[in-house]
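K.L.:
okay, sequence plus prediction incoming.
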Amino acid sequence: MKYISTRSSAKEFNFNEVFIKGLADDGGLYVPKSLKKYSTEELLKLKNLNYNELSTEIIHLFLADFISREELSSLIKKSYSTFREKDVVKISSLGKLKLLELFHGPTLAFKDVAMQFIGNLYEYYLTKNDKKINIVVATSGDTGAAAIDAIKGKSNLNIFVLHPNNRISSVQRKIMTTVEEKNVFNIAIDGNFDDCQNIVKQMFSDLEFSKSINMSGVNSINWARIIAQAVYYFYSYFKLDKETVSFSVPTGNFGDVFAGYLSKKMGLPINKLIVATNENDILHRAISKGDYISREVKETLSPSMDIQLASNFERLIYYINNSDSEITADIMKKIKQNSYQIEKNNLDIIQKDFLSESCNEEETLNIIKKNYEENNIILDPHTAVGVGAANKLSINDCVVLSTAHPCKFPDATNNAISKHENLPNELQHVLNKDENFQVLNNNTEEVKNFVKSKV
C-alpha cells in the first residue's frame, strides 16, 4: 500500500516512512492512496476471528510491505498479552446502550490498544534497521501514559512527553511521571494541550531539527494508531450481530472517531458516528452547523477532550473534498488563521456519516450519577459525555466507546456520587512514588533545547 500527504498527492510513501515520520514534511497527514473495501461475503469471513486474529487481518492490509503476516501476528499477540481482558476489549450493557470497554490495558485507557502495538512495532523496526529514534508526543492526559508504558526501557528509543501543567488529573500525571526508566522524559508546559500540540508540530516542521534527532511521533496523527483503533469497530460490530451499528465517541482530537470513519469507508456497516464533546465543542459546532472557529480552551472534568484544534479533522477535510490535496492545503491555511467555515455542500457530506452533541459540566456529573443509581456502573467523565450524546440523539443500536477507567478521574466521580474507584493493584504504587518532570515555558525553542540536551 502506498501513502500520500493530505496536502500534496505528488509524492508516494511506503509504510515505514509514514510510521517513523508521523507527520509529512509539508505539514500534512498521511493517508492511503487507495483503500480496501470489504464485500459482505468478505466481512462474513472475518466475523468469528478473535481479537488478535482480526487485528492481524485488518492491520496487515496497511503494512504488508513492512512486516510479514506471521511476524505481525506474533507482534500483536505480544502487544495484547498484558491486557486484563482475554480479547483485549469488552462489551457491556448500559440500559439501551452498549459500552465498548477499551480501558483494560496497562494504563487504563483506550490509547493502550494502539500504543502497545506501536511500541513493539518500533522495536521491530529499530532492531531490523539498527537505528535510534527520539519520540516526541503531546498528551491531554492518556496518550502520554500509554506511550510511556509501551516504550519505557526499550533500546534505541527515547520518549519525550509534553503535557499541560496542572491541567490533567493527578492520577493521569503520576502514571507518567513516576516511571523510572532512563529513556523517559516528562515535560510540563505552562499552557494548554493545544499549546503542547503546536510545539510538537513546530518541532516536526523544523526539518533540520527533526532530522538531526531522528524524531518520530505517536500522537493520534500517526497512521499506525488509526489502523490499530479501527480493529475494535470491526470487532464490536461482529460481536453485536446487528445489521448496522452506530458509535458514540467521546473525542477531542478526532483520531478515535476517524478510525470509525475509516472502518466505514472499508465497508463496515456503520450507520452514524456520533462525535461527543465536552464544553470545548468545536467539533460539535463544526459538524452540526459548519462552525470550525476555535475559542479559548476551558478546563473541564474530562481533560483529555480539552482541545480546540482537532488534528485528525484534516483527514476528513481531505476525503470530503474528493481527496483533493490542493483544496485541503488551502483549507488548512484558513484553519491556521481561525477563519474556516465549512461549506453547505461539504457539511451535507459530513452529516451523512456523522452526528454530534456536547455535554456541559453539570450534565456530565448528572450522567455519572444517573447511571450509577440505575445501573450500578461508574462511568469516567469522558465516557459519560459519550453516553450523554447518544441519549440526546436517541440512535438505535448504539455503542458508546468507554475510553478510560473511572479510577483515573476521582475528582469527577467524587463530585458526582461521593465515591471513586480504586486503581488496580498493579498501579497503586504510583500514588506514593516520587514524580520526575520538567516544567518549561510555552516556547518551542526552550523545548527543543531541552530535548537536545537529553539526546
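P.N.:
Done, it's in.
K.L.:
okay, and for the stretch 1-150 of the chain, where does confidence drop off?
P.N.:
Of all residues in the stretch 1-150 of the chain, none has pLDDT under 70.
K.L.:
please enumerate the strands of it.
P.N.:
In the stretch 1-150 of the chain, the segments counted as strands under DSSP state E, counting those that start in this stretch are 3-5, 8-13, 30-32, 90-94, 97-101, 133-138.
K.L.:
how near is residue 77 to residue 70?
P.N.:
As judged by Cβ to Cβ, to the nearest Å, residue 77 and residue 70 stand 11 Å apart. For every residue, glycine as well, the C-beta is placed using N, CA and C.
K.L.:
the more surrounded of these two?
P.N.:
residue 77 (14 against 9; other Cβ atoms under 10 Å).
K.L.:
that one and residue 83, how far apart?
P.N.:
Separation of residue 77 from residue 83 (Cβ to Cβ): 11 Å.
K.L.:
about what we covered before: highest average neighbour count across the strands of the stretch 1-150 of the chain?
P.N.:
Each of these was scored by mean neighbour count; the highest is strand 133-138, a mean of 24, by mean count of other Cβ atoms under 10 Å.
K.L.:
now do it: distance to the chain's middle.
P.N.:
Centroid separation for strand 133-138 versus its chain: 15 Å, with Cα atoms, centre = their mean, to the nearest Å.
K.L.:
contacting residues around it?
P.N.:
Under the contact criterion Cβ atoms under 8 Å, 6 or more residues apart in numbering, strand 133-138 has outside partners 20, 122, 126, 143-144, 147, 151, 156-163, 193, 196-197, 199-200, 203, 213-219, 451, 455.
K.L.:
parallel or antiparallel, list what pairs with that strand.
P.N.:
Using DSSP bridges, strand 133-138 pairs in its sheet with strand 157-164 (parallel), strand 215-216 (parallel).
K.L.:
quick check: next helix or strand after the first one?
P.N.:
In other words, strand 157-164. The first helix or strand that comes after strand 157-164 along the chain, using DSSP states H and E, is helix 170-177.
K.L.:
contacting residues around that following helix?
P.N.:
With Cβ under 8 Å, 6+ apart as the test, helix 170-177 has contacts from 107-108, 139, 141-142, 144-145, 148-149, 161, 163, 186, 303, 407-410, 423, 427, 430-431, 433, 435-437.
K.L.:
weed out the non-buried ones from these.
P.N.:
Buried members of the contacts of helix 170-177, counted by 16 or more other Cβ atoms under 10 Å: 107-108, 139, 141-142, 144-145, 148-149, 161, 163, 186, 303, 407-410, 423, 427, 430, 437.
K.L.:
show me the contacts for the nearest residue to residue 115 once chain neighbours are set aside.
P.N.:
Nearest residue to residue 115 in three dimensions, chain neighbours excluded: residue 146, at 3.9 Å (Cβ to Cβ, 6 or more residues apart in numbering). Listed by Cβ under 8 Å, 6+ apart, the contact set of residue 146 reads 105-107, 109, 111-112, 114-116.
K.L.:
which one of those residues is nearest residue 32?
P.N.:
Among the contacts of residue 146, residue 114 lies closest to residue 32 (Cβ to Cβ), at 17.0 Å.
K.L.:
returning to that earlier point: nearest to residue 373, out of the strands of the stretch 1-150 of the chain?
P.N.:
Residue 373 lies closest to strand 90-94 among those, at 12.7 Å (Cβ to Cβ).
K.L.:
now the angle from the closest one to strand 97-101?
P.N.:
Strand 90-94 and strand 97-101 are oriented at 150 degrees to each other (axes from the mean of the first three to the mean of the last three Cα atoms, to 10 degrees).
K.L.:
strand 90-94: partners in the sheet, and parallel or antiparallel?
P.N.:
Counting by DSSP bridges, the strands paired with strand 90-94 are strand 97-101 (antiparallel).
K.L.:
show me what the strand it pairs with is in contact with.
P.N.:
Residues outside strand 97-101 that contact it (Cβ under 8 Å, 6+ apart) are 85, 89-93, 232, 236, 240, 247-248, 377, 383, 387, 390-391, 398-402.
K.L.:
just the ones of those in helices?
P.N.:
Counted as lying in helices by DSSP state H, out of these, are 232, 236, 240, 383, 387, 390-391.
K.L.:
now, of the residues you listed, which are buried?
P.N.:
For the ones in helices among the contacts of strand 97-101, a burial check counting by 16+ other Cβ under 10 Å picks out 232, 236, 383, 387, 390-391.
K.L.:
and the contacts of residue 146, which two are the farthest apart?
P.N.:
The widest separation within the contacts of residue 146, taken as Cβ to Cβ, falls between 106 and 114 and amounts to 12.9 Å.
K.L.:
ok, those two, which is more surrounded?
P.N.:
Set residue 106 next to residue 114 and count neighbours by other Cβ under 10 Å: residue 114 wins out with 30 against 19.
K.L.:
is it true that the more buried one touches residue 224?
P.N.:
Yes. Contact criterion Cβ atoms under 8 Å: residue 114 and residue 224 qualify, at 7.1 Å.
K.L.:
that older thread, can you redo the strands of the stretch 1-150 of the chain as JSON lines with distance to residue 443?
P.N.:
Output for the strands of the stretch 1-150 of the chain, formatted as JSON lines (distance: least, Cβ to Cβ, whole Å):
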{"stretch": "strand 3-5", "distance to residue 443": "28"}
{"stretch": "strand 8-13", "distance to residue 443": "30"}
{"stretch": "strand 30-32", "distance to residue 443": "28"}
{"stretch": "strand 90-94", "distance to residue 443": "43"}
{"stretch": "strand 97-101", "distance to residue 443": "39"}
{"stretch": "strand 133-138", "distance to residue 443": "14"}
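K.L.:
out of those strands, nearest to residue 258?
P.N.:
Ranking the strands of the stretch 1-150 of the chain by proximity to residue 258 (Cβ to Cβ) places strand 30-32 first, at 10.3 Å.
K.L.:
one step back: would you turn the buried ones among the ones in helices among the contacts of strand 97-101 into a markdown table with distance to residue 334?
P.N.:
Compiled in a markdown table, those are given as follows (distance: Cβ to Cβ, whole Å):
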| residue | distance to residue 334 |
| --- | --- |
| 232 | 33 |
| 236 | 36 |
| 383 | 33 |
| 387 | 34 |
| 390 | 32 |
| 391 | 34 |
